[in-house]
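>>> Here is a sequence with its predicted model. Questions after.
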Amino acid sequence: MPEMREQLNNFPILQNVFDKLSRTFPGQELVFSFDRQELAVRVPKEHLLKILTFLKDDCGFNTLSDVIGLDNLNIRKEGEKRFAILYQLYMFPAVQRLRVRVEIGENEVADSIVPLYPAADWAEREIYDMFGIRFAHHPNLRRIYMDDEWDGFPLRKDYPLEGKK
Amino acid sequence: MAFKEIELNMGPQHPSTHGVLRLKLAVDNEVVLRVEPVVGYLHRGIEKLCEHHTYFQITPYTDRLDYFAATQNNLAYLLAVEKLAGIEVPKRGQYIRVILAELQRLASHLAWIGFNANDIGAMSVLLYGFAEREGILEIFEEYIGARLTIHSLRIGGVPHDLDAKIISMILAALDSIPARLKDIEMLLSDNRIWKHRTQGVGVIPADEALALGLTGPALRAAGVRWDIRKNIPYSSYEDFDFDVPLGTNSDVYDRYLVRLEEIRQSVRIIRQAIAKLPGGESRATVPKILKIPAGEVFHSIEAPKGELGFYIQANGSEKPERVKIKVPSFINLQSLERMCRGYLIADVVAILGSLDIVLGEIDK
Amino acid sequence: MVAKFLKKILLIDLLIGLWVTLKYTFKPKVTFQYPERAKPTRRRFRGILRLYRNEQGQPLCIACKMCQRACPENCFDIEGAKDADNKMRPTRFNWILERCTFCGLCVEACPTGAIRFSHEFRLSTLDRRNLSFAMDQMYYDFDLQEHLQGELVNP
Amino acid sequence: MSSTLLYEFIIPLLKVAVVAIYPMLMVIVMIWLERRVVAWIQSRIGPNRVGFQGVLQPFADAIKLFFKENIMQCGADRFIFNVAPVIVLWSALLAFTFVPLGGTMQIGTYNLNFWVAESPVGLLLILGISAISVFGIIFGGWASNSKYPLLGGLRSVVQILSYEIPTGLAVLSVVFFSESMNMIDIVKKQQEMGVWFAFILPVSLIIFWISAVAETNRCPFDLPEGESELVAGFHTEYSGLKFGYFFMAEYAHMVLLSSVVVVLFFGGWLPPFPNVRFLSFLHKVPGFIWYFVKIMFFLYFYIWIRGTFPRYRFDELIKLAWKWLVPLSLLNVMLIALIKVL
């Protein structure tokens, strides 16, 4: 991981966040990646809430720009899980961005971060509507775009483009 | 007498929901208890379509997101693609993009003033706003040939160069805006009825606005100094000096004032961009078949409605693996629930208007 | 403080509003009578797509299908073959106006400038079948209004 | 016998016919005027296709409304649903009987006076009859069996009732000066005093005018039919000719209240400066023309306001009535009473 620190040299705040994260969560396998001046960290599903609370309270990432759902059916390597959820965090007023990535299996239940960031309410409903990933203790997990009785999850790779006949 | 809540359906076809949106209002004799927006009537599945089209073919789709600011959507998408593919846009191209994007912001804000005033009753301001916006649409028709969904930018820069005729048209349009704004301000800003309808309505404190993820004029009206053109400058916005208007008590009136001031700032930006327009190429040479190696990027810009971000995941082919669009109106509409509690039905209409939501953007 | 009170009592702000609307009552009007006086279309106006010919009347199109590949809505269906002096010419050129979003990607992709935007924007018709064009209907000298509104113009 | 038959029977019958048709004509003029004036304000041309400069546009609207299918909401209260528009229109038309349209004109031996009925309490009758239209609006709102009209109906009840009081008090201050409720005597009094009441009682004129705008549910007080909130308020469920009735009734009420303002404050059929010697050639012009010119100014003013101001919110509307207009009109009445006593 040391060469990751050099990459962050000209980004002091991100470097400081990197140090804090590595110090407080030594055991868990946090996989950092820094490309195109965007820091991303892969986090195991169990510690997501703990890490996000830590990032929000101690590291100052006070706003959530977006929650992004991914279906890596075609590009996942061996043994990797199918879905991934990315949390695009934003630090204000220091103006820094961080992307937290969580791998979710076929019918695993992710845990909702609405208590932490109220902005995620509809974004998580959209991910459930489009990918079928359920979120534990989300205020009202319903479909947001599709009709409530719609079967299938449109943004999955195995969902045909023209829809099911 | 048992208290009985009326459940009022505002929409999906209602004169002031700016498109196809249904608001389920739980109302106790005009006082709003709960608001539940229902969206999805205009869902075209743009993200699914993006996965089956090449990077070039996606740009026209982004026009249809916020159809009042087509250029801004293109700009957000193209900046993300260029960052992913490592394409460097020449300086002149960046300046022309800034001019077109700011013109689009003017058109969007002028349309917004019309809609918001019309929702609150001042019908004539709608026509004055649209008459002014007409001058800008003429410029787009002269530059690219279309008026609303114009598809005016391309990967690597801009399709045509600005010639003297277009620049003179732009300067003429910019000259007529301040006079029109003064008329609108005389009609609205210190009008007591307008103040009664907008001051102290739909108030949301700054910290809660940040927690809810609000962005754009709605957040700046709460006094939070967050404008991506200033915080994370893109497409050479750092070369222009303009100030970010801020509100104090984050109500409908402040959002109105912030947007009025933003129009004046955009006019300033365009004038500086035209004055300092560098020479040279206006579009980088981009291979006909653009294949982008695997990778992901998230890039956002300051669209008229708020922070518009594109997350693109490339898989090495000429079609993206996944395109996620972070849309400001989606988040702004989500905060409507928090803003409308305890106000009257008439205020819900005013607050909805002040958030300037566009359903094409929300439903993607 | 007194000025504010006087302003409030004498309804000054309402009178200013009335003055503005009075001013606009006598200003020249912005709208005009559409069919009698149409707005002139500008040089790069994106009307309906038309096929063009070179000076000798030969079709410019060489059936290279670049436009078919570039079009996001796959409106094109082109078949080409070598003609007498073994130049490639399109034998079939079907195009569906219904799907076209006037985005202009095909015009940019066309190497010979055969397909370009015309300035024709009156495209309404009563029958959907009129919206899919065969090759001979694609040329710029084709009587479009007759094709689209035939039975209306002269029943 | 034939002269009494002529004078006692035929002429009053003709007058009744004229007074019945007069509001209808004014409604037609109003429809055209409203659409054109609001268009001019908004820098657009407005309807000018049907007939010369759009003059036949109102007839086109009327015919269109006539042929429109009038739908009745299922579960709507059939009888009240149909009666509501009639009440609203009827109350406006009936009140016109007491409005003096012009002075008396000498034809041969018989002096023809331009009003149908002259009653010592004409003013009170007009206000009373025009207040009946509130019933029509509530019936319309209630009987449509849907939420928006109900809300529209409730709003209009509170609005019209709370603006009835400032109207009454403003009228009271006028009656102090004219010492009679008879509309004709009020005008005669103004002629006798040589000055219009508008210049003596400017405050009650403003109060009366604001309440008049509120009574006819016109902008900025058009909450009962606020398009952007309640879709179309109490007449959302009406279509076809029934909607036409509401449409005409609104304009008839506007004409009615404008004529009351003209009679009360601007001397119904008097030329501008009644007693000034060298302006006496103005007397040649018949009273009806003066009355018509003054009314047109006020009708234009209604539309002018509609094109300019935003809409009040409901609680602001009530606060304006009870916190500003009622105390102001009370103060005004007391002031006038003091002046009269001294």
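Cool, got the structure. Treat the numbers as computed from the prediction; the structure is a model and nothing was measured.

>>> Up against chain B, what does chain C have?
Applying C-beta under 8 Å from any C-beta of the partner chain, we find that chain C lies next to chain B at C:8, C:13-14, C:16-17, C:19-21, C:23-24, C:30, C:41-46, C:70-72, C:101-105, C:108, C:117. Every residue, glycine included, has its C-beta placed from N, CA and C.

>>> Provide a ChimeraX selection command restricted to the buried entries of these.
Selecting only the buried entries of the residues of chain C next to chain B in ChimeraX, with 16 or more other C-beta atoms under 10 Å in any protein chain shown as the criterion:
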select /C:13,14,16,17,20,21,24,41,42,44,45,46,70,71,72,101,102,103,104,105,117
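
>>> any chance you could map the strands in the chain?
All of this refers to chain A. A:31-35, A:38-43, A:63-71, A:83-91, A:96-104, A:109-111, A:134-136 (DSSP state E).

>>> should've been chain C
Under DSSP E, chain C gives strands at C:49-51, C:76-82, C:88-96, C:115-117, C:132-133.

>>> Just name the most buried of those.
Ranked by mean neighbour count, the strands of chain C are led by strand C:49-51 with a mean of 22 (mean count of other C-beta atoms under 10 Å in any protein chain shown).

>>> most centrally placed residue in chain C?
Nearest residue to the geometric centre of chain C (C-alpha atoms, centre = their mean): residue C:47, 2.2 Å.

>>> how much space between it and residue C:129?
The gap separating residue C:47 from residue C:129 is 21 Å, by C-beta to C-beta, to the nearest Å.

>>> next one: residue A:25
On the measure of C-beta to C-beta, residue A:25 and residue C:129 end up 65 Å apart.

>>> and the two? which has more neighbours close in?
Higher neighbour count among residue A:25 and residue C:129: residue A:25, with 17 against 6, using other C-beta atoms under 10 Å in any protein chain shown.

>>> How confident is the prediction for that one, by pLDDT?
Listed pLDDT for residue A:25 reads 81.

>>> That one: what's it in contact with?
A:47, A:51, A:54 (C-beta atoms under 8 Å, 6 or more residues apart in numbering or on different chains).

>>> Check the residues you listed for burial and list the buried ones.
Among those, the ones that count as buried by 16+ other C-beta under 10 Å are A:51, A:54.

>>> With respect to chain C, which of the contacts of residue A:25 is nearest?
Among the contacts of residue A:25, residue A:51 lies closest to chain C (C-beta to the nearest C-beta), at 40.5 Å.

>>> so who does the closest one touch?
Neighbouring residues of residue A:51 by C-beta under 8 Å, 6+ apart: A:21, A:25, A:43, A:100.

>>> at 7 Å what do you get?
A:25, A:43, A:100 (C-beta atoms under 7 Å, 6 or more residues apart in numbering or on different chains).

>>> now residue B:45
By C-beta under 7 Å, 6+ apart, the contact set of residue B:45 is residue A:154.

>>> Residue B:196 now?
By C-beta under 7 Å, 6+ apart, the residues touching residue B:196 are D:312-313, D:316.

>>> Tell me if it really is in a helix.
Yes. According to DSSP: H, G, I helix; E, B strand; the rest coil, residue B:196 belongs to a helix.

>>> Quick check, the residue in chain A closest to chain D?
Closest residue of chain A to chain D, C-beta to the nearest C-beta: residue A:148 (23.6 Å).

>>> which intervals of chain C have sub-threshold pLDDT?
Counting by pLDDT under 70, chain C has low-confidence residues at C:153-155.

>>> what does it put close to chain D?
Within chain C, the positions near chain D by C-beta under 7 Å from any C-beta of the partner chain are C:14, C:17-18, C:21, C:24-25, C:27, C:29-31.

>>> Now do the SS call for the nearest residue to residue B:91 once chain neighbours are set aside.
The shortest distance from residue B:91 to any non-neighbouring residue, by C-beta to C-beta, 6 or more residues apart in numbering or on different chains, is to residue B:278 (4.7 Å). State at residue B:278, reduced to three classes by three-state DSSP: coil.

>>> close enough to count as contact, residue B:278 and residue B:92?
Yes. The pair residue B:278 / residue B:92 is scored as a contact, 5.1 Å apart, by C-beta atoms under 7 Å.

>>> Mind checking which of those two has more residues around it?
Neighbours were counted for residue B:278 and for residue B:92 using other C-beta under 10 Å; residue B:92 has more, 19 against 13.

>>> still on that earlier bit, could you check how far the residue nearest to residue B:91 is from residue B:233?
Counting by C-beta to C-beta, the gap from residue B:278 to residue B:233 is 17 Å.

>>> just residue D:81 next, same as before
Distance from residue D:81 to residue B:233, by C-beta to C-beta: 63 Å.

>>> Okay, and which of the residues of chain C next to chain D map to helices?
Using DSSP state H, C:14, C:17-18, C:21, C:24-25 are the members of those that sit in helices.

>>> out of the strands of chain C, nearest to residue C:58?
Among the strands of chain C, strand C:88-96 comes nearest to residue C:58, with 8.6 Å by C-beta to C-beta.

>>> other SSEs contacting the closest one?
Applying 3 or more C-beta pairs under 7 Å, 6 or more residues apart in numbering or on different chains; DSSP states H and E, we find strand C:88-96 packed against strand C:76-82, strand C:132-133.

>>> Now distance to chain A too, for these, in JSON lines please.
Shown next, in JSON lines, are the helices and strands packed on strand C:88-96 (distance: least, C-beta to the nearest C-beta, whole Å):
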{"stretch": "strand C:76-82", "distance to chain A": "18"}
{"stretch": "strand C:132-133", "distance to chain A": "19"}
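
>>> thinking again about what came up before, I'd like the residues of chain C next to chain D as JSON lines, with distance to residue B:60 appended.
Listed next are the residues of chain C next to chain D as JSON lines, based on distance: C-beta to C-beta, whole Å:
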{"residue": "C:14", "distance to residue B:60": "47"}
{"residue": "C:17", "distance to residue B:60": "42"}
{"residue": "C:18", "distance to residue B:60": "46"}
{"residue": "C:21", "distance to residue B:60": "41"}
{"residue": "C:24", "distance to residue B:60": "38"}
{"residue": "C:25", "distance to residue B:60": "42"}
{"residue": "C:27", "distance to residue B:60": "38"}
{"residue": "C:29", "distance to residue B:60": "35"}
{"residue": "C:30", "distance to residue B:60": "30"}
{"residue": "C:31", "distance to residue B:60": "30"}
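
>>> Thank you kindly, that will do.
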